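Novice: Just need the structure, nothing else, for what follows:
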Amino acid sequence: MLGPKRFQLVFAAGMAGGCLLHADTVLKVELGGSTGKVVTSSTEAVGTSTNTAHGSHAGTAGFGRVGAGSRVTIASTGNDPGLNAVSTFIDNFTVTSPSYASFVRGTFIATVSFNGGLTLAPSGLSPGDGARGGTTYRLNVFHSENINPNSSGFPVISQTGRLDFDRLFSEEVTTTGIVPPATQFQVEIPFKFGIPTQIKMELLVASFAAITDLEPAGATLDANAHFAMGARWEGIADVRHISGTPVTEYLIDTESGINWLEPQPVEYVTAIHAALSPPNGASERFLEMVVTRRKPDGSFQYQIDASSMLSGWMQLEPGTGNPLAQILSTNSIDQFTEQIVVRRTTPYSPTGNSYLRIQALPME
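Specialist: Predicted structure coming up:
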């Protein structure tokens with residue numbers, strides 16, 4: 001059994017003095033059906049976002065990972081039906097073993113992690129104010145011997161949850177399904193040795209909200225399905241013959257080229273660039289790092305610090321308590337990602353070294 005793993009990804013910036021894929025592999029993000037945005041790829045991770053009248057909606061998909069988010073916030077009076085945000089990946093795998101001929105049946109155990117949640121928050125409503133809203137998620141993982149991206153197959157994970165609010169009937173938020181969702185699944189997936197099997201993972205989220213009174217002073221309604229981290233393949237723990245006998249010697253080939261035995265990486269940082277700032281009035285220049293990163297979502301945090309040596313990172317200037325690095329700006333790109341500019345607080349010296357570091361760390 002695979003247990004929870006601690007992770008630490010480090011991206012540092014400093015200045016010192018493929019394989020062929022088949023059409024059956026699919027990565028897709030779809031926002032709002034034919035009226036929204038659709039992006040697909042069979043080679044690289046995809047992502048897109050769109051806005052509605054009072055909402056923002058986004059999705060990302062890579063082999064072994066899907067994320068999606070949908071948020072609608074009404075202040076005063078407004079109506080936004082939102083839209084579905086659906087992220088999908090499809091891949092095919094083939095298990096072979098010198099101990100078993102083709103078409104002999106087997107199973108393997110895999111772990112899938114799931115991070116995110118639903119919130120629905122009415123606030124400031126007065127008696128008689130008309131308001132309603134909802135937010136939902138649905139996670140499905142299918143397997144199939146029918147190698148066809150249009151075929152779902154048999155579910156090995158099927159979990160849904162929903163929050164609803166309608167002031168006409170109740171002042172309470174109601175829950176349907178599983179809220180909060182399970183954070184980890186262990187699934188048993190059948191296969192035939194030597195024969196391809198299709199895996200499909202799909203995450204759908206949606207939110208909507210409306211306040212229908214003309215002048216509800218101070219009233220707000222916020223509906224949010226936040227699954228930026230989403231679902232992630234954590235690896236295969238055990239391969240067995242259909243009788244239950246462990247298989248100790250085997251190979252797993254995939255059309256995508258992804259190693260399904262290992263956990264798939266989380267893209268905490270998607271771009272990083274380091275440069276020296278323009279000179280200030282004192283002709284000083286500072287090391288700056290521009291980072292495009294995934295927004296923290298409660299399951300992890302970022303730590304930024306600086307050092308003059310790669311071997312000895314420090315967060316505070318010795319003897320002063322002053323930070324060695326500061327964030328100059330943070331700009332939201334979409335619901336999932338943001339761009340930050342980080343600066344070293346001490347001037348750059350051509351005779352010395354200067355480094356900045358950003359770490360993605362698990363919440364304690």
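
Novice: Every contact and neighbour count from this point should use C-alpha atoms.
Specialist: Noted.

Novice: Measure how buried the closest residue in space to Trp260 that isn't next to it in sequence is and give me the count.
Specialist: In space, and not counting its chain neighbours, Trp260 is closest to Gly235: 5.7 Å by Cα to Cα, 6 or more residues apart in numbering. Look at Gly235: counted by other Cα atoms under 10 Å, it has 19 neighbours.

Novice: And Gln184, by the same measure?
Specialist: 16.

Novice: beta partners of it?
Specialist: Beta-bridge partners recorded for Gln184 (DSSP bridges): Ser113.

Novice: That one and Pro190: what is the separation?
Specialist: 20 Å (Cα to Cα, to the nearest Å).

Novice: Hmm, the residue nearest to Trp260 is touching Glu262, no?
Specialist: Yes. Using Cα atoms under 8 Å, Gly235 makes contact with Glu262 at a distance of 4.5 Å.

Novice: What strand or helix carries the nearest residue to Pro296 once chain neighbours are set aside?
Specialist: Closest residue to Pro296 apart from its sequence neighbours, by Cα to Cα, 6+ apart: Tyr302 at 7.4 Å. Tyr302 is part of strand 300-307 when elements are defined by DSSP states H and E.

Novice: buried set for that strand?
Specialist: Of all the residues in strand 300-307, those buried under the rule 16 or more other Cα atoms under 10 Å are Phe300, Tyr302, Ile304, Asp305, Ala306, Ser307.

Novice: Name the helix or strand of the chain that has the lowest mean pLDDT.
Specialist: Across the helices and strands of the chain, the lowest-confidence element by mean pLDDT, DSSP states H and E is strand 9-16, at a mean of 43.

Novice: Just checking: what are the partner strands of the strand or helix carrying Thr292?
Specialist: Element membership for Thr292, per DSSP H and E: strand 287-294. Sheet pairing of strand 287-294 (DSSP bridges) gives strand 269-276 (antiparallel), strand 337-344 (antiparallel).

Novice: Where does pLDDT dip in the stretch 201-350 of the chain?
Specialist: Residue ranges of the stretch 201-350 of the chain with pLDDT under 70: 214-216, 264-265, 298.

Novice: Where do the helices of it begin and end?
Specialist: Taking DSSP state H, counting those that start in this stretch to define them, one finds no helices in the stretch 201-350 of the chain.

Novice: burial of Glu284, as a residue count?
Specialist: 14.

Novice: related to what we said a few turns ago, residue contacts, the residue nearest to Pro296?
Specialist: Listed by Cα atoms under 8 Å, 6 or more residues apart in numbering, the contact partners of Tyr302 are Pro296, Ile358, Gln359, Ala360, Leu361.

Novice: so which of those residues comes closest to Gly281?
Specialist: If you rank those by distance to Gly281 using Cα to Cα, Ile358 comes first, at 28.4 Å.

Novice: Kind regards, and thank you for your time.
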